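Asker: Sequence and predicted model, in that order:
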Amino acid sequence: MDFDTDIAIIGGGLNGPALAIALAQTGLRVTMIDALAIKTRKNAGFDGRSYALALTSTRLLQGIGVWDAVEPYAQPMLEIKVTDGRAGDGPSPMFMHFDHAEIEEGPMGFMAEDRHLRRALLDAVKSIPNIVQMNGQTVVAQQADGSGITLSLASGKSLRARLAIGADGRSTGTGGRAGIKRIGWEYGQTALVCALEHELPHHGVAHQFFMPPGPLAILPLTGNRSSIVWSETDQNAAAINALSDEAYLDVLRPRFGSFLGELSVVGQRYTYPLSLSLAHDMVAPRVALVGDAAHGVHPIAGQGLNAGLRDVAALAEVIADTQRRGEDVGSDAALARYQEWRRFDNTTLALATDSFNRLFSNDNPLIRMARDIGMAAVNALPVLRRGFIREAAGLTGELPRLMQGKPL
């Protein structure tokens with residue numbers, strides 16, 4: 001049977017292009033279907049969005065030939081400081097401090113701005129002849145059979161592929177049309193996100209400050225700038241986001257502190273509601289899900305994109321190995337291998353971020369005392385501390401080849 005493409009990837013965010021590049025480099029024909037126009041995707045304006053890339057995620061980007069374009073704009077994360085407290089009261093004396101010097105591999109990760117990472121991925125996609133981009137197109141129906149899957153587009157066109165991969169976010173149409181159900185809930189929290197310029201250098205230190213309404217992450221960018229992900233109750237967040245930049249900073253300063261000197265907002269500010277959304281399955285006949293389409297988690301540990309890139313690396317490896325053996329890349333057996341590899345880790349991450357948020361986003365004095373004692377114990381024991389550092393760097397678990405720095 002004739003196929004228009006080997007692999008159809010629905011979604012053009014970050015995971016979709018990364019997977020398209022990895023698969024195309026093995027010789028497969030890949031079509032990437034994106035509802036947004038390419039001009040919108042490549043808009044160079046700075047909107048404050050940034051990502052904490054674990055060390056293993058940067059290895060993947062290096063392996064697919066993208067990291068060299070991102071690295072000049074990326075800030076190494078050399079230390080992480082985790083504290084507990086209340087706005088205006090300062091942090092608790094109990095804390096956790098993780099230093100990259102305790103592991104041999106280098107920085108735990110890098111902070112990369114969305115505008116640089118997205119552009120590098122899309123430039124790489126454009127340079128590969130066996131990737132076809134279909135921008136401004138949406139899939140409205142799909143039909144899987146024994147040999148492949150047919151996608152119907154809103155434009156009236158259809159596309160026949162061996163496998164369709166949903167990289168289309170938490171509200172994944174790909175997963176929904178395949179009958180994959182989801183479990184999840186709202187947290188009643190909203191993340192306020194922006195970038196700040198500050199008077200003093202951050203020295204590559206990331207901070208996570210836990211407060212009763214939710215955590216505040218202060219993440220180092222290049223220069224004297226930091227990205228913040230500030231969780232508040234939905235009601236408070238709506239009121240805060242409606243303020244002018246200066247009034248916004250007036251609310252933030254008692255939470256942020258004065259350790260970086262004077263603050264100013266750079267770029268845009270934006271918000272997004274926080275929830276957990278977990279697919280019951282990561283695969284269906286002729287369909288696989290990656291990233292938020294499979295698991296949307298709380299940003300409390302900054303692992304959302306890293307988990308998605310792990311999906312990308314694992315699925316690319318399964319498909320590449322299946323292709324080399326002369327087997328059907330969209331077969332149930334191949335997809336089962338991918339799901340077996342990634343489902344446990346993703347479920348564990350979802351439960352861990354959910355538990356951490358519930359444990360730290362409250363002001364119960366007994367729970368506060370227990371968690372502060374726990375943080376102090378982790379900080380005092382080198383074995384536990386080193387384990388947390390390796391987890392933050394993405395160095396635990398069964399790593400796909402691309403995340404080990406090996407070729408696909």
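Answerer: Cool, got the structure. Numbers count the residues shown, from 1 in each chain.

Asker: For the rest of this, base every contact and every neighbour count on C-alpha atoms.
Answerer: Noted.

Asker: and residue 208, what does it touch?
Answerer: By Cα atoms under 8 Å, 6 or more residues apart in numbering, the residues touching residue 208 are 80, 81, 82, 83, 215, 216, 217, 218.

Asker: Could you verify that it is part of a strand?
Answerer: Yes. The assignment for residue 208 by DSSP: H, G, I helix; E, B strand; the rest coil puts it in a strand.

Asker: is it in a bridge, and if so with what?
Answerer: Counting by DSSP bridges, residue 208 is bridged to residue 82, residue 217.

Asker: Look up how far residue 215 lies from it.
Answerer: Between residue 208 and residue 215 the computed distance is 7 Å (Cα to Cα, to the nearest Å).

Asker: And residue 407, by the same measure?
Answerer: For residue 407, the distance to residue 215 (Cα to Cα) stands at 38 Å.

Asker: Who has more neighbours out of these two?
Answerer: Between residue 407 and residue 215, counting by other Cα atoms under 10 Å, residue 215 is the more crowded of the two (25 against 13).

Asker: Quick check: the more buried one touching residue 233?
Answerer: No. Counting by Cα atoms under 8 Å, residue 215 stays clear of residue 233, with 10.8 Å between them.

Asker: Helix or strand for the residue nearest the centre of the chain, just tell me which one.
Answerer: The geometric centre of the chain, computed from its C-alpha atoms, lies nearest to residue 305 (Cα atoms, centre = their mean), at 1.2 Å. According to DSSP states H and E, residue 305 maps onto helix 304-324.

Asker: Next, count neighbours for the residue lying closest to residue 106 once chain neighbours are set aside.
Answerer: The spatial neighbour of residue 106 that comes closest, neighbours along the chain excluded (Cα to Cα, 6 or more residues apart in numbering), is residue 100 at 6.4 Å. Residues within reach of residue 100, counting by other Cα under 10 Å, total 20.

Asker: which residues touch residue 100?
Answerer: Going by Cα under 8 Å, 6+ apart, residue 100 touches 77, 78, 79, 106, 107, 108, 389.

Asker: quick one on the thing from earlier: centre of the chain to the helix holding residue 305, how far?
Answerer: Remark: helix 304-324 is offset 15 Å from the chain centroid, using Cα atoms, centre = their mean, to the nearest Å.

Asker: I'd like the average pLDDT over it.
Answerer: Confidence for helix 304-324, expressed as mean pLDDT, is 97.

Asker: contacts for it?
Answerer: Residues external to helix 304-324 that are found in contact with it (Cα under 8 Å, 6+ apart): 15, 18-19, 22-23, 26, 51, 53-54, 57, 60, 290-292, 296-298, 328-329, 334, 337-338, 341-342, 346, 394, 400-403, 408.

Asker: can you give me the strands in the stretch 151-300 of the chain?
Answerer: Here the stretch 151-300 of the chain has its strands, by DSSP state E, counting those that start in this stretch, at 158-166, 182-198, 205-211, 214-221, 225-233, 263-279, 283-284, 287-289, 295-296.

Asker: Tell me the helix or strand right after the helix or strand bottoming out on mean pLDDT in the chain.
Answerer: When the helices and strands of the chain are scored by mean pLDDT, DSSP states H and E, strand 90-99 comes last with a mean of 76. Downstream of strand 90-99, the first helix or strand assigned by DSSP H and E is strand 109-113.

Asker: Can you pull out the low-pLDDT segments for the chain?
Answerer: 1, 44-48, 90-94 (pLDDT under 70).

Asker: Any buried residues in the longest helix anywhere in it, and which?
Answerer: As assigned by DSSP state H, the longest helix anywhere in the chain is helix 332-360. Neighbour-count burial for helix 332-360, counted by 16 or more other Cα atoms under 10 Å, picks out 334-335, 338-339, 341-343, 345-347, 349-354, 357, 359-360.

Asker: And stretch 28-38, by the same measure?
Answerer: Under 16+ other Cα under 10 Å, the buried positions of stretch 28-38 are 28, 29, 30, 31, 32, 33, 34, 36.

Asker: same check, this time on stretch 290-308
Answerer: Within stretch 290-308, the residues that qualify as buried are 290-308, counting by 16+ other Cα under 10 Å.

Asker: Against residue 134, how distant is residue 276?
Answerer: Using Cα to Cα, one gets 30 Å for the distance from residue 276 to residue 134.

Asker: for the strands of the stretch 151-300 of the chain, which one ends up most surrounded?
Answerer: Highest mean neighbour count among the strands of the stretch 151-300 of the chain (mean count of other Cα atoms under 10 Å): strand 287-289, with a mean of 28.
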